[in-house]
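# Provided below for reference: sequence and predicted model.
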Amino acid sequence: MRPNIRQARDDEVVRLARTIMRAFEHDLVIRWLVPDDDDFENSHLGLLADMIRLWLATETIWVTDDIVGFAGWQRPGRPEVDLGEVDRLPGEEITHPPDRIERFGAFRSTVAEYVPKEEHWYLSLLGTHPDWQRQGIGLALMSEGFKLADEQGLPCYLETETVENVAYYQHHGFAVRSEWDIPLDGPHMWGMMRPPAAG
């Protein structure tokens, strides 16, 4: 049975950050950025809150009713949003150590080299809490972005870092477009594109 999918609400930042943390606690990119378990547990809100607010501001994050799954998209052109002065949540204000800042910089600059030049919808993060995986939640969440992209005749793009994910996304219409390695012993990555569905 297809889960009920809806837009996330502004008051769900903490719950979303917690689900993202659980969904990505073994993710190669996230754990390369934050390898220490305790640090990862304690810093997830500081790492994720503004990204979640960006999705909320552009109305491009879809969740299941119980927030066990999420899909964060960015619109064509990846518009920037001025979040202004926001009320920071407890645990959100953290200081990143220099080595993490260096890895963040290496990741962002390398990934930026492979961003497609043509307009596209960008699936920046997709995940399901481990206890609810393999139930079709990911596809249901992706489909919200697919519908918008198809209506506009635009492709969808994402990056991933495991061969298992490559196979998963290929099953849902994506094809490998590029491959690269992140510096500083970072993971190998694939860029994948899904063409718009034929009308």
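Looks like it came in fine. Numbering: from 1, shown residues only.
# not counting the helix or strand containing residue 164 itself, show me its contacts.
Assigned by DSSP states H and E, residue 164 belongs to helix 163-171. By CB atoms under 8 Å, 6 or more residues apart in numbering, the residues outside helix 163-171 that reach it are 138, 158, 160, 176, 190, 192, 194. (C-beta placed from N, C-alpha, C; glycine too.)
# save the residues you listed as JSON lines, and put in pLDDT too.
Formatted as JSON lines, the contacts of helix 163-171 follow (pLDDT from 0 to 100):
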{"residue": "138", "pLDDT": "94"}
{"residue": "158", "pLDDT": "98"}
{"residue": "160", "pLDDT": "98"}
{"residue": "176", "pLDDT": "98"}
{"residue": "190", "pLDDT": "98"}
{"residue": "192", "pLDDT": "98"}
{"residue": "194", "pLDDT": "98"}
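# report the distance from the helix holding residue 164 to the chain centre.
Put simply, helix 163-171 sits 16 Å off its chain's centre (CA atoms, centre = their mean, to the nearest Å).
# all helices for the protein, in order.
Using DSSP state H, the helices found in the chain span residues 13-23, 28-33, 37-58, 98-112, 137-151, 163-171.
# and residue 103, what is it in contact with?
Residue 103 touches 32-33, 184, 186, counting by CB under 8 Å, 6+ apart.
# check residue 155 too.
Counting by CB under 8 Å, 6+ apart, the residues that residue 155 touches are 116, 118, 120-121, 149, 193-196.
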